[in-house]
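Colleague: sharing a model that was predicted from the sequence below.
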Amino acid sequence: GDSVTQMEGPVTLSEEAFLTINCTYTATGYPSLFWYVQYPGEGLQLLLKATKADDKGSNKGFEATYRKETTSFHLEKGSVQVSDSAVYFCALRSGSASKIIFGSGTRLSIRP
Amino acid sequence: GAVVSQHPSWVICKSGTSVKIECRSLDFQATTMFWYRQFPKQSLMLMATSNEGSKATYEQGVEKDKFLINHASLTLSTLTVTSAHPEDSSFYICSARQGTGAGEQYFGPGTRLTVT
């Protein structure tokens, strides 16, 4: 079945460091890909998405490119801030299906 | 943006009792809502898909008689954990889909259930 694998955390970085959180997926067909963020004590928020190969999703300085050839959707940010500390989930939705399948989540902590 | 609320945000109940969690879409109508369970430091696992006016569709391994879902209106779905046990303690999150098919899903803030 469809699945998402993302790098295990926790990830701890200093402020202004470069961030990469790896995500790969297994799916039949052409899924839509998502990154969600969960700030402490809050629900999930959609951070960015891409719906077809080579699309780049971006928001709040974060970017991820839908790579069909490597089945990847890695999350990157050039300069992280303390306020980016949260748990990040990579996810996919296959075709027209409603169900979203989540990765295990990566906890990110940014030191001032 | 679209807002989904959950009530209560946390609840403590005794073993054997039942507890109801509400999920509301505040500024849009949601034909479909989803219920997830999140264990500590783990990912979200879909429990069931709730469609307004019809029976919920449960994922494999989820007991439908234990986790009762009712989606009586286009803005409200409820999850009732019946005869709760300590192993039911978890973080329950709902989402509501705007539109149909590939419409955006908006997530509630979650409800932390502790069964003593």
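Modeller: Great, that's in hand.

Colleague: just give me the residue closest to the centre of chain B.
Modeller: Closest residue to the average C-alpha location of chain B: residue B:35 at 3.6 Å, with CA atoms, centre = their mean.

Colleague: relative to chain A, how far out is residue B:110?
Modeller: To chain A, residue B:110 is 5 Å away according to CB to the nearest CB, to the nearest Å. (C-beta placed from N, C-alpha, C; glycine too.)

Colleague: sorry, back to before: for the closest residue to the residue nearest to the centre of chain B other than its chain neighbours, what are its contacts?
Modeller: In space, and not counting its chain neighbours, residue B:35 is closest to residue B:47: 4.6 Å by CB to CB, 6 or more residues apart in numbering or on different chains. The neighbours of residue B:47, taking CB atoms under 8 Å, 6 or more residues apart in numbering or on different chains as the test, are B:35, B:36, B:37, B:58, B:59, B:62, B:67, B:79.

Colleague: which residues touch the first one?
Modeller: With contact set as CB under 8 Å, 6+ apart, residue B:35 has these partners: B:23, B:46, B:47, B:48, B:50, B:67, B:69, B:77, B:79, B:92, B:93, B:94.

Colleague: isn't there a helix covering the fourth one?
Modeller: No. Using DSSP: H, G, I helix; E, B strand; the rest coil, the assignment for residue B:48 is strand, not a helix.

Colleague: hmm, residue B:68 and it touching each other?
Modeller: No. At 9.8 Å, residue B:48 does not count as touching residue B:68 under the criterion of CB atoms under 8 Å.

Colleague: picking up where we left off before, element containing the residue nearest to the centre of chain B?
Modeller: Element membership for residue B:35 (DSSP states H and E) is strand B:32-38.

Colleague: if you count contacts, what does the lowest-mean-pLDDT helix or strand in chain B end up packed against?
Modeller: Sorting the helices and strands of chain B by mean pLDDT, DSSP states H and E puts strand B:105-107 at the bottom, at a mean of 89. Applying 3 or more CB pairs under 8 Å, 6 or more residues apart in numbering or on different chains; DSSP states H and E, we find strand B:105-107 packed against strand B:90-97.

Colleague: still on that earlier bit, strand partners of the least confident helix or strand of chain B, parallel vs antiparallel please.
Modeller: strand B:90-97 (antiparallel) (DSSP bridges).
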